[in-house]
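Colleague: Fold the stuff below for me.
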Amino acid sequence: MSADRKLLSVEYAAMTLEASLTPGHIPNIDRGDLIDRYNPLVLPGTSFVLTNHPFRKCRYYNYEVLRIIAIGQDIPDSSRFLDILEESVKGRDQSLDTILSIIEKANL
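Modeller: Numbers count the residues shown, from 1 in each chain. Model (predicted):
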């Protein structure tokens, strides 16, 4: 599956889930914000909606560093990066935890 096709799949799933939160209403949400909100659905190799939004850029670069770690390459100052990553978990958006737990139970 191509990177753009993966992005389309994530956008479709995210829009479907977002619409289920407010039945009868079409969600009015920016495309980038939609992907940001449902980023746990993003598959490896998915193309990114990269804009000038600083949070979006930060997440993209974090994904890149995690990819580099996963394939076994060295990154400069990796211990500092891991400390920052661990701290960021404490303040994460928990509004999708219910949906994520349903997905987890479905063994997707």
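
Colleague: distance of Ile75 from Tyr38?
Modeller: Counting by C-beta to C-beta, to the nearest Å, the separation of Ile75 from Tyr38 is 27 Å. C-betas here are computed from N, CA, C, even on glycine.

Colleague: Give me the pLDDT value at Glu11.
Modeller: Among the per-residue scores, Glu11 holds a pLDDT of 91.

Colleague: Please renumber the chain so that the first residue is 771 from this point on.
Modeller: Done: numbering now begins at 771, and the last item shifts to Glu781.

Colleague: Next, the contact list for it, please.
Modeller: By C-beta atoms under 8 Å, 6 or more residues apart in numbering, the contact list for Glu781 reads Arg801, Leu804, Ile805.

Colleague: one more time with 6 Å, if that's ok
Modeller: By C-beta atoms under 6 Å, 6 or more residues apart in numbering, Glu781 lies in contact with nothing.

Colleague: before we move on, back to that, between Ile845 and Tyr808, who's got more neighbours?
Modeller: Tyr808 (20 against 14; other C-beta atoms under 10 Å).

Colleague: the helices in the protein, which residues?
Modeller: 773-791, 801-807, 824-840, 848-860, 867-875 (DSSP state H).

Colleague: Just give me the lowest mean pLDDT stretch among those helices.
Modeller: helix 848-860 - the lowest mean pLDDT of the helices of the chain, at a mean of 70.

Colleague: Distance-wise, check the residue located most distally from the centre of the chain relative to Phe818.
Modeller: What lies farthest from the middle of the chain is Gly794; by C-alpha atoms, centre = their mean that is 25.8 Å. Gly794 sits 31 Å away from Phe818, going by C-beta to C-beta.

Colleague: Can you pull up the most central residue in this protein?
Modeller: Asn809 (1.7 Å).

Colleague: Nearest residue to that residue in space, ignoring adjacent ones along the chain?
Modeller: Arg829 (6.7 Å; C-beta to C-beta, 6 or more residues apart in numbering).

Colleague: got it, and Ala784?
Modeller: Tyr808 (3.7 Å).

Colleague: right, and the one you found touches Met785 too?
Modeller: No - counting by C-beta atoms under 6 Å, Tyr808 does not reach Met785; the two are 8.9 Å apart.
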